[in-house]
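Asker: 3D, please:
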Amino acid sequence: MSSSRGGVDVVTEALAELHGRYGALSEGRVADYIPQLAFADRDCFGLALMSMDGHGYRAGRCGVSFTLQSLTKPFVLALVLAELGADEVRRSVGAEPSGEAYNAISLDAVTGRPANPMINAGAIAVTALVPATGPGERFARILECLGRFAGRALYVDEDVYRSEVATGDRNRALAYLMRGTGVLRGDPGESVDTYFRQCAVRATVTDLAVMGATLANGGINPVTRERVVPEPVAVQVLSVMAMCGMYDAAGSWMLNVGLPAKSGVSGGLVAVSPDRFGIAVHSPPLDAVGNPVRGVAALRELSERFGLHLMRNAAPGAPTVPLSTTTNGGRIALIVAQGRLDFTAAERVLFALEQRRAGAPGAIVLALERVSGMDSSAKAMLERALTLLMEAGHDVTVVGDLPFRTHGTWKRSTDRAQALTAAERALPAVQDRHRDPDGNR
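Answerer: Sure thing, here's the model as predicted:
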C-alpha cells in the first residue's frame with residue numbers, strides 16, 4: 001500500500017489533527033462481556049484511509065491488530081449475496097433497521113426472520129448460509145473472503161475465540177430460536193461456533209480501511225486490483241450498512257455523518273464514501289450502544305469538514321456538453337461530451353440529442369473522445385437514444401473508442417473532422433430517403 005510522503009499531504013494532516021484532538025477523549029467503556037476483550041488498551045487510537053487508487057493515509061496506532069467482531073458482518077454478507085443472490089438471502093434475514101441492541105432477540109413475529117444482517121441474529125443466519133460441505137469448509141471460505149477484502153491473509157485469535165465460546169450463550173439461544181422458526185439452516189451449535197471464529201479474526205485498522213475501500217470501489221480491492229465481489233453486491237451491502245450498520249444509533253449516524261458504516265465491540269469502525277475511499281478507526285472505549293466514542297467523533301468532524309455526507313449536493317464540475325451546434329444550414333448537428341458519464345451526465349447528452357430527433361432527418365455527430373468513462377446506466381441510455389435517432393432516419397456517427405454494450409448500426413470514427421466531412425457527404429442520401437412523392441420534405 002502506498003502512502004503519500006513529502007510535499008503537502010493534506011489527508012494525513014487531517015487524520016493526524018483528528019487523532020490529536022479526539023485521542024484525549026476519556027468517555028466510554030472497553031467491552032468486557034467477552035472477557036478477552038477487556039485486556040484491550042483503552043488508549044489505543046488509530047485512523048487509516050484508503051483511496052480508490054490504492055493511496056493509503058494513516059495517523060496514530062495503525063499497526064495494532066484487533067479482532068474484527070461485528071465488523072465481519074458486511075463482508076460475510078457480501079460473500080453470501082455473491083454466492084446465493086439477494087432473494088435467497090432475504091428468505092432467512094430481513095433488511096430493516098431493528099432499533100434494538102446488537103444482541104437483541106429481534107425475530108419477525110410472522111416470518112421468524114431476524115430484522116437485518118448487522119445484528120447478531122441476522123449475522124448468525126447469514127454465516128449459516130455460506131455454501132459448504134461442513135463447518136470447516138464454511139469457515140475456511142469466510143476467512144479467505146475476509147482476506148481478499150483486506151488484501152492479505154488474516155488469522156483467528158484463538159484466545160478470543162475460546163472466550164467467546166465460554167460466554168456466548170445468548171448467541172446460542174438466538175440460533176436455537178431461529179432453528180425453531182425454520183430460518184436457520186444447519187445445526188445451531190455448528191453455526192454459532194463458526195460465527196464465533198468469524199468474529200475472532202484479527203486485522204489492523206489499515207486492513208479495515210482496505211476492506212471498506214473495496215466496497216467503495218464496487219467490489220474491486222484497490223490495492224490488489226482483484227475483484228472480490230460483483231458491483232451490485234457491493235451496492236447492496238453498502239445499503240444495509242447505511243440503514244443498520246451502527247445498531248440503534250444508525251439513524252443519528254446517517255443524519256450527522258451520512259456514510260455507510262459498521263462498528264464492532266472491539267473498538268473498530270469502518271465507513272465508506274462510495275467511489276471515493278474507505279476509512280477505518282480503532283479505539284476500544286465504546287458508547288452506550290457499542291460504537292467507539294473516539295471513532296464516532298472523529299468521523300463526524302471529518303464528514304463535516306470535507307462535505308462527505310451522501311445527501312450533500314455534489315460540487316459542480318466541468319460541463320458535460322461543452323458544445324452543441326449545427327452546421328450546413330442546421331442539417332448537421334455536432335454534440336461534444338466530456339468527463340465521466342453517469343445518469344445525470346448522460347441525461348444532459350440525451351437532452352442535446354433529443355433536440356435533433358424531433359426535427360427533419362439529418363446527420364448527427366456525437367463526439368465522445370473526451371469522455372473518460374461511462375457507467376452501465378449511461379451506456380444503456382445512450383445506446384437507446386442512438387437507436388431512436390437511427391430509426392427516425394438520422395445519419396449518426398459516434399466519435400471515440402468507448403465500448404458500448406451493443407454494436408448498434410450507427411457509424412464509428414476516431415477523428416471528429418473526418419466524421420463531419422463524412423456526415424456532409426451522407427446528407428443527400430438522408431434527404432432523398434425522406435422526400436415524399438410530391439418532392440416535399
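Asker: make it CA atoms for all contacts and neighbour counts henceforth
Answerer: Noted.
Asker: in its sheet, what does whichever strand or helix holds residue 368 sit against?
Answerer: According to DSSP states H and E, residue 368 maps onto strand 363-374. Applying DSSP bridges, strand 363-374 is found paired with strand 332-341 (parallel), strand 395-399 (parallel).
Asker: quick one, which of the ones you listed is packed in tightest?
Answerer: Counting by mean count of other CA atoms under 10 Å, strand 395-399 has the highest mean neighbour count of the strands paired with strand 363-374, with a mean of 23.
Asker: buried residues in the next helix or strand after that strand, which are they?
Answerer: Scanning forward in sequence from strand 395-399 by DSSP H and E, the next helix or strand is strand 411-413. In terms of neighbour count (16 or more other CA atoms under 10 Å), strand 411-413 has its buried residues at 412, 413.
Asker: same for the helix or strand where residue 206 lies, what does it pack against?
Answerer: Using DSSP H and E, residue 206 maps to helix 205-216. The contact analysis (3 or more CA pairs under 8 Å, 6 or more residues apart in numbering; DSSP states H and E) places helix 205-216 against strand 46-51, helix 135-150, helix 231-244, strand 268-273, strand 277-282.
Asker: now those in JSON lines, with mean pLDDT, distance to residue 60 and mean neighbour count?
Answerer: Shown next, in JSON lines, are those (pLDDT from 0 to 100; distance: least, CA to CA, whole Å; neighbours: other CA atoms under 10 Å):
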{"stretch": "strand 46-51", "mean pLDDT": "96", "distance to residue 60": "4", "mean neighbour count": "28"}
{"stretch": "helix 135-150", "mean pLDDT": "97", "distance to residue 60": "19", "mean neighbour count": "19"}
{"stretch": "helix 231-244", "mean pLDDT": "96", "distance to residue 60": "26", "mean neighbour count": "21"}
{"stretch": "strand 268-273", "mean pLDDT": "97", "distance to residue 60": "14", "mean neighbour count": "29"}
{"stretch": "strand 277-282", "mean pLDDT": "97", "distance to residue 60": "10", "mean neighbour count": "29"}
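Asker: count the residues that sit near residue 428.
Answerer: For residue 428, the neighbour count with other CA atoms under 10 Å is 11.
Asker: got the contact list for the helix or strand where it lies?
Answerer: In this structure, residue 428 sits in helix 416-433 according to DSSP H and E. Identification of contacts with helix 416-433 by CA atoms under 8 Å, 6 or more residues apart in numbering yields 328, 331-332, 361-365, 367, 393-395, 397, 399, 413, 441.
Asker: recalculate using a threshold of 6 Å.
Answerer: residue 363 (CA atoms under 6 Å, 6 or more residues apart in numbering).
Asker: give me the buried positions along it.
Answerer: So, applying 16+ other CA under 10 Å, buried residues of helix 416-433: 416, 419, 420, 423, 424, 427, 430, 431.
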